[in-house]
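Asker: Kindly generate the corresponding structure for this input.
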Amino acid sequence: MKNQLNIAPEVQAAILKNKPVVALESTIISHGMPYPQNVETALKVEAMVRQNGAVPATIGIIKGIMKAGLSVDDIEILGKQGQNVTKVSRRDMPIILAKNQNGATTVASTMIIAQLSGIRIFATGGIGGVHRGASSTFDISADLQELKQTSVAVVCAGAKSILDIGLTLEYLETHGVPVIGYKTKDFPAFFTRKSGFGVDFKAESVEELATILKSKWSIPLHGGVVIANPVPNEHEADTRLIEKAIKKSLDRAQEQGIKGKAITPYLLSEIERRTEGLSLKTNIQLVLNNAALAAQTAQAYCAIE
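Answerer: Alright, predicted model coming up:
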């Protein structure tokens, strides 16, 4: 394992001293937006984690090595190579490691590497889930399976709006994954603050969140927790505009036969085009907001550990 997992010295020191660390994914770098905006955003997210009192650990695979704490050079590599970098979930990891290739980690694979490294809190944009039309395609993100079995808390702006959010929440309930709203009873829909569905519980403070996490993992009940953190009011996208863009983007994806792990980056890119960049601005702001909450939650969790 030590030949396949590299934990950055700053991250390792923080873990050993029970200091707060926040894991960050790398798919957003290679598949989330164009260069150089992707690199700039990744570094801004790391800075936001630091501003809120935690050590950032951006996670990815570089030349077949799982890395918890990418260097600026590593982030540049993933940013410049963009979609030529393999989008890596659980099933892809052994192949990318064996071939000594670069890989951008999804929510699922980031959770795996975070747990291997001893990191409990992870910030992302939105989790994957049950895709619209899954009753015929069976397209369900591996993120949900990982949340069932990997003990990492995921701070997110809910599930991506392109998904069937109702079925996503049903899946999480079936597999015993708590969905906690941070200062909200509404489950957010990534670009918007409300999805029309509720959360299991509402937490009013990071101390309450930390206590819930500690309680779950002390029992122990293995598996993750979804911490749903709505995008700030001032950065929320217009619901009608987003839903219209999603429907048109889904129709175009179907016409072009785009599916599998290519569907999410395609749809996000297409929605950005159809909203003239407004969706991307919202995306960046919600990721920064999640990074801040994750850092604060990590601080509270370390305080009770």
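Asker: OK, contacts around residue 213?
Answerer: By CB atoms under 8 Å, 6 or more residues apart in numbering, the residues touching residue 213 are 120, 153, 225, 297, 301. Backbone N, C-alpha and C define where each C-beta goes, glycine included.
Asker: nope, residue 88 is what I meant
Answerer: 61, 96, 103-106, 109.
Asker: Check residue 21 too.
Answerer: Residue 21 is in contact with 11, 14-15, 54-57, 119, 121, 298, counting by CB under 8 Å, 6+ apart.
Asker: how close does it get to residue 115?
Answerer: 12 Å (CB to CB, to the nearest Å).
Asker: So, low pLDDT: which residues of the stretch 51-200 of the chain?
Answerer: For the stretch 51-200 of the chain, applying pLDDT under 70 flags no range at all.
Asker: ok, which stretches of it are helices?
Answerer: 72-81, 93-98, 107-117, 134-137, 142-149, 165-174 (DSSP state H, counting those that start in this stretch).
Asker: Format those helices as a markdown table; extra columns: distance to residue 239.
Answerer: Converted to a markdown table, the helices of the stretch 51-200 of the chain look like this (distance: least, CB to CB, whole Å):
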| stretch | distance to residue 239 |
| --- | --- |
| helix 72-81 | 31 |
| helix 93-98 | 36 |
| helix 107-117 | 24 |
| helix 134-137 | 22 |
| helix 142-149 | 24 |
| helix 165-174 | 13 |
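Asker: looking at those, which is buried most?
Answerer: Mean neighbours per residue, mean count of other CB atoms under 10 Å, is largest over the helices of the stretch 51-200 of the chain for helix 107-117, with a mean of 25.
Asker: Which residues does that one contact?
Answerer: Contact with helix 107-117 is made by 1, 5, 7, 11, 15, 23-26, 57, 59, 66-68, 88-90, 92-93, 103, 105, 120, 122, 124, 127-128, 141-143, 145-147, 150-152, 154, 224, as judged by CB under 8 Å, 6+ apart.
Asker: Which entries within the residues you listed meet the buried criterion?
Answerer: Neighbour counting with 16 or more other CB atoms under 10 Å marks 7, 11, 15, 23-26, 57, 59, 66-68, 88-90, 92-93, 103, 105, 120, 122, 124, 127-128, 141-143, 146-147, 150-152, 154, 224 as buried within the contacts of helix 107-117.
Asker: would you list every one of the strands in this protein?
Answerer: For the chain, the strands defined by DSSP state E cover 5-7, 21-24, 55-62, 65-68, 86-88, 103-105, 121-123, 153-156, 179-182, 201-203, 225-228.
Asker: C-alpha coordinates for the second one, CSV please?
Answerer: The C-alpha coordinates for strand 21-24 follow below in CSV (Å, rounded to 0.1, in the frame of the first residue of the first chain):
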residue,chain,number,x,y,z
VAL,A,21,-8.1,18.1,7.1
VAL,A,22,-10.6,18.4,4.2
ALA,A,23,-10.4,16.1,1.1
LEU,A,24,-11.2,17.6,-2.3
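Asker: how near is the closest residue to residue 153 other than its chain neighbours to residue 182?
Answerer: Distances taken as CB to CB, 6 or more residues apart in numbering place residue 225 nearest to residue 153, at 4.5 Å, with adjacent residues excluded. Going from residue 225 to residue 182 by CB to CB gives 12 Å.
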